[in-house]
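Engineer: build me a model:
(one chain, ligands or ions: 2)
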Amino acid sequence: MSKKGSLQVHTENIFPIIKKFLYSDHEIFLRELVSNAVDATQKLKMLTQKGDYAGDLGDLTIRVKLDKEKKTLTVSDRGLGMSESEVERYINQIAFSSAEEFVEKFKDLDDKSAIIGHFGLGFYSAFMVANKVELVSKSHSGTPAVKWSCVGTTDFEMAETEKPEVGTDIVLHINDDSQEFLDDYKVKDLLKKYCKFMPVPIAFGDDAEAINKTNPLWLKQPSDIDDSEYGEFYKELFPFQPDPLFNIHLNVDYPFHLTGILYFPKIDNSINLEKNKIHLYSNQVFVTDKVNDIVPEFLTLLHGVIDSPDIPLNVSRSYLQADGNVKKISNYIVRKVADKLENLFKEDRAAFEAKWDDIAVFVKYGMLTDEKFFEKAKKFFLLKDTDKKYDTLEGYREKTKDAQVDKDGKQVYLYTGDKELHDAIIGSATARGYSVLVFDHPIDSHLIGKLEMGEENLSIKRIDAAPIAELIDKGEKAEDVLSKKDSESLESAYKALVDEKEFKVERKALSPNDPPLIITQDEFMRRMKEMSVMGGGPAFGGFPDSYNLVVNTNHPASAKLAALKGEEQSNMAKYLLDLAKLSNGLLKGADLTRFVSDRISQVN
Ligand code: ADP
Ligand code: MG
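Structural biologist: Ligands and ions are numbered 1, 2, ... in the order given. Predicted structure coming up:
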């Protein structure tokens, strides 16, 4: 008995739309067909368990085969199968109308990438790559096998056929534009991408070995897993990455379902942070590795897997961000990550400190972008000083509260961005009993501002923001030993040597122990410039660097210089200026060459 009929048509042009749909994303047809096969297999297993099916299950492996001569790709399962009336219902009516609904919903969408990799098209996505689709199915219920075929018009054919085993074969006659899907490697790669952790074995061709792991680690109970398994799983997900630092096993049933494992990678000090290493699954089916809309940006620095059927998949970006479940999921993950870090800190502070440098950027990024995380992180965030000692915010405040409070009661933290460069100034600071912090990542200028806002009465200054004596203004003032005339002569000797736009010369009566000439940089301007480099701050990036040239009138060299005249004075001033520049890393290129060869010629 053969039957011809028409699919229930609401939109005549659904097939042309499907064919053109999401040009870059045609490959998802394979995921859709294999996940249908998985569903059918699991349904049959369930029927067997309930005692509703007594037949022999046999080998339930789903097979994906290519026939290059016939130009077909076939997905075969040994699942529950369909009778003729079920094909009529599920394929001709329901599947078609849901494909139609999907196309209708998205055909006008500008941002087609929003649904790339997202479910919806189902069975009919086969027509993106095939000009003819055949479905041969034998139901577990014992009804005769049925063969359905459709050539991408709204007409189909259906007839009884012979099929020895229960299950379904879907045969795609691959169209001319999609010949890539007849390539072994391509298809195997796609299976590995989308089906790697599906719950039923899936094999390519006649391979004995399945391409997937049916019981991925994230679905096991954390108590049943030992640490080495987490390590192995990481290697499996990201074969060429260095070992992660630690992991978090996510597992929640209410008010949404979510499982997963997130790993903390070592994050180095570069600005280019590696993202897109969290893979999103829905019931073990790979969806996407772009989770930006689902977790806060800073969490995308983590690596791993999230599996949740509760994340809506076939909707647009803006909708996702407003979705209640997505918000809850995102908050949940932020909280879990913060709790994990807090526990590590509490349980073994020494081990936490040892890992700090590798996770600091992550924590800072989180503190800057997520207020909830900031509040939690205050407890375990560590400040590092130039002696490689680590303190919490509270601990450091306590530690510096005697030596580093100015005359107005303001607490001052000092930091360097470059220990090597600031070696001399760090020495002067520690000699005064000051502690110097290390902030050497581009993100730090943002963080410093945030910390100052969060802690009352705190000012954070880079160690070259002023002469040491004035960094923390304790109200002490040295007497000026030079006469006004000498002091002015000094100032003009230096002014004659520099470009005023680059160096602003000023005189100060500091200690004779401070250097004769000190180069400082205004904290505010420098920070603004740095922030605009990192992005997010005001656009100060184009401004030239400007410095203050502080002449210490109380240094013995200054008295000597003031007593000189003409070329002699100018030569000595130049020498002192070169030395000051040299110790701030500002003597470069031709100036440095000249400086060095002048010194060498003095030896001769
Ligand atoms: P969905 O999977 O979301 O239900 P699809 O368009 O992918 O939508 O499939 C429509 C229906 O066709 C399925 O719900 C199922 O009833 C039936 N179906 C598809 N593929 C198979 C298969 N391999 N075995 C049994 N039934 C299938
Ligand atoms: Mg489906």
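Engineer: now the element after the worst-scoring helix or strand of the chain on mean pLDDT, going C-ward?
Structural biologist: One helix or strand of the chain scores below all others by mean pLDDT, DSSP states H and E: helix 317-322, with a mean of 64. Proceeding N to C from helix 317-322, the next assigned helix or strand is helix 324-347, under DSSP states H and E.
Engineer: packing partners for that following helix?
Structural biologist: strand 246-252, strand 258-264, helix 349-369, helix 371-377 (3 or more C-beta pairs under 8 Å, 6 or more residues apart in numbering; DSSP states H and E). (Each C-beta comes from the backbone N, C-alpha and C, glycine too.)
Engineer: does stretch 138-150 come close to ligand 1?
Structural biologist: No: applying C-beta under 6 Å from any ligand atom, one finds stretch 138-150 separated from ligand 1 by no less than 8.7 Å.
Engineer: buried set for that stretch?
Structural biologist: 138, 139, 140, 143, 145, 146, 147, 148, 149, 150 (16 or more other C-beta atoms under 10 Å).
Engineer: which parts of the chain sit against ligand 1?
Structural biologist: Near ligand 1, when you scan the chain using C-beta under 6 Å from any ligand atom, you find 32, 36-37, 40, 77, 79, 82, 90-91, 95, 122-123, 168.
Engineer: ok, of those residues, which come out buried?
Structural biologist: Buried, going by 16+ other C-beta under 10 Å: 32, 36, 37, 40, 77, 79, 82, 91, 95, 122, 123, 168, out of the residues of the chain next to ligand 1.
Engineer: return the subset of those residues lying in strands.
Structural biologist: The strands, defined by DSSP state E, take in 77, 168 from these.
Engineer: can you redo the buried ones among the residues of the chain next to ligand 1 as TSV with pLDDT?
Structural biologist: Listed next are those as TSV, based on pLDDT from 0 to 100:
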residue	pLDDT
32	91
36	94
37	96
40	95
77	98
79	97
82	97
91	93
95	79
122	85
123	92
168	98
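Engineer: quick check: of the buried ones among the residues of the chain next to ligand 1, which lies closest to ligand 1?
Structural biologist: residue 122 (2.4 Å; C-beta to the nearest ligand atom).
Engineer: how far away is that closest one from residue 33?
Structural biologist: 9 Å (C-beta to C-beta, to the nearest Å).
Engineer: and stretch 475-483, end to end?
Structural biologist: 23 Å (C-alpha to C-alpha, to the nearest Å).
Engineer: show me how far it is from its chain's centre.
Structural biologist: On the basis of C-alpha atoms, centre = their mean, to the nearest Å, stretch 475-483 sits 53 Å off its chain's mean C-alpha point.
Engineer: quick one: residues in contact with it.
Structural biologist: Here stretch 475-483 makes contact (C-beta atoms under 8 Å, 6 or more residues apart in numbering) with 407, 469, 487, 490, 509, 510, 511, 553, 554, 558, 559, 562.
Engineer: in that stretch, what counts as buried?
Structural biologist: residue 482.
Engineer: and it, average pLDDT?
Structural biologist: Across stretch 475-483, pLDDT averages out at 84.
Engineer: around ligand 2, pick out the residues from the stretch 101-250 of the chain.
Structural biologist: Within reach of ligand 2 by C-beta under 5 Å from the ion, the stretch 101-250 of the chain has these residues: residue 122.
Engineer: so what's the residue count around residue 350?
Structural biologist: By other C-beta atoms under 10 Å, 7 other residues sit near residue 350.
Engineer: give me the pLDDT for it.
Structural biologist: pLDDT, residue 350: 96.
Engineer: from residue 356, how far off is it?
Structural biologist: From residue 350 to residue 356 the distance is 11 Å (C-beta to C-beta).
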